[in-house]
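Chemist: Sequence and predicted structure are below.
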Amino acid sequence: MVRDITKVLPGKMAEYMQLQETYIAIGTRHGMPPMRRYRCMSGGGDTLHTIIAEIEVDSLAALEAILEKIFADPEMPALQAKLEAILESYEFEVYMPMP
């Protein structure tokens, strides 16, 4: 499982959601599995600006192949620049199943 933890700058959530839809469309074109997205309903800290997105992949090799295609897409440089301008932070985590 791959998990992205994204903290969006205050006042930029609507813009982020539009940009993420573009990212999902690009990813889907290149074989990205369906993404599950979550927003925190309650909790400590600044959770209102945090989005958790998860996908499941068969292997690290499959993930690498998908990401290579996504980041080679000609739309990605402009999209990345727009996203970076409205993000407070971004974390990328990869989990493996337990035996």
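Modeler: Alright, I've got the coordinates.
Chemist: right, and the helix or strand after the helix or strand where residue 80 lies?
Modeler: When secondary structure is defined using DSSP states H and E, the element that contains residue 80 is helix 76-86. Following the chain from helix 76-86 toward its C-terminal end, the next helix or strand by DSSP H and E is strand 87-94.
Chemist: Would you give the sheet partners of that following strand, along with the direction of each?
Modeler: strand 2-8 (antiparallel) (DSSP bridges).
Chemist: what's the angle from the strand it pairs with to helix 76-86?
Modeler: Angle between the axes of strand 2-8 and helix 76-86 is 50 degrees (criterion: axes from the mean of the first three to the mean of the last three C-alpha atoms, to 10 degrees).
Chemist: Off-centre distance for strand 2-8?
Modeler: Centroid separation between strand 2-8 and its chain, computed with C-alpha atoms, centre = their mean, to the nearest Å, is 6 Å.
Chemist: Render the CA-only coordinates of it in PDB, please.
Modeler: C-alpha atoms of strand 2-8 as PDB (Å, rounded to 0.1, in the frame of the first residue of the first chain):
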ATOM      1  CA  VAL A   2       1.200   3.500  -0.800                       C
ATOM      2  CA  ARG A   3       0.000   6.400   1.300                       C
ATOM      3  CA  ASP A   4       0.400  10.100   0.600                       C
ATOM      4  CA  ILE A   5      -0.100  12.500   3.500                       C
ATOM      5  CA  THR A   6      -0.600  16.000   2.200                       C
ATOM      6  CA  LYS A   7      -1.100  19.100   4.200                       C
ATOM      7  CA  VAL A   8      -2.600  21.900   2.100                       C
END
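Chemist: Show me which positions of that strand end up buried.
Modeler: For strand 2-8, a neighbour-count test (16 or more other C-beta atoms under 10 Å) marks 2, 4, 6-8 as buried. (Glycine included, C-beta is placed from N, CA and C.)
Chemist: now, which of the residues you listed sits nearest residue 25?
Modeler: For the buried residues of strand 2-8, the minimum distance to residue 25 (C-beta to C-beta) is 16.3 Å, reached by residue 4.
Chemist: Before I go, just wanted to say thanks for your time.
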